[in-house]
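J.: fold the following.
(one chain, ligands or ions: 2)
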Amino acid sequence: MSQRSVALIDEQNCIGCAICIEVCPFDAIIGAQNFSHRINYDECPGCKICVDKCPTDCIKVVEINQSKNDIKEKVKYNFDRRKLRKEGLQKKYEESIKEQLDRISNNYK
Ligand code: SF4
Ligand code: SF4
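T.: Ligands and ions are numbered 1, 2, ... in the order given. Below is the predicted model:
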């Protein structure tokens, strides 16, 4: 089975600056200003150009096994991306709950 490289964005640390879109020679990044970005798995050959340009250091290049008949790697990649996104949302949610609880308890001091 052949191996290839592909970029993966940790969406919880993406600030939506869109710098990566500007520098990607393969037009392999999807996103809009101020929203988290993601990689188009099929278009990215893992050239790494975007990695050093990201101001929050949230892009890494990962190695995957790939065969045209095997979609397992693609599914795994998408699940990894979703896991990162869910962890980020969970963290933000917990921070927001803590903030609200602090505010409430301060009102009763
Ligand atoms: S350069 Fe980094 S922070 Fe900016 S949009 Fe791309 S992935 Fe997000
Ligand atoms: S690794 Fe290269 S091709 Fe892939 S998203 Fe980054 S700049 Fe584009």
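
J.: just for the chain, where's the confidence low?
T.: Scanning the chain with the threshold set as pLDDT under 70 gives 1, 67-70.

J.: what ranges does it have for its helices?
T.: 19-23, 49-53, 72-107 (DSSP state H).

J.: other SSEs contacting the second one?
T.: Using 3 or more CB pairs under 8 Å, 6 or more residues apart in numbering; DSSP states H and E as the contact test, the elements touching helix 49-53 are helix 19-23, strand 59-66. Quick note: C-beta positions are derived from backbone N, CA and C, even for glycine.

J.: over to the first one?
T.: For helix 19-23, the helices and strands in contact under the criterion 3+ CB pairs under 8 Å, 6+ apart are helix 49-53.

J.: burial measure for residue 88, as a count.
T.: 16 (other CB atoms under 10 Å).

J.: doesn't residue 11 make contact with it?
T.: Yes. Counting by CB atoms under 8 Å, residue 88 does reach residue 11; the two are 6.2 Å apart.
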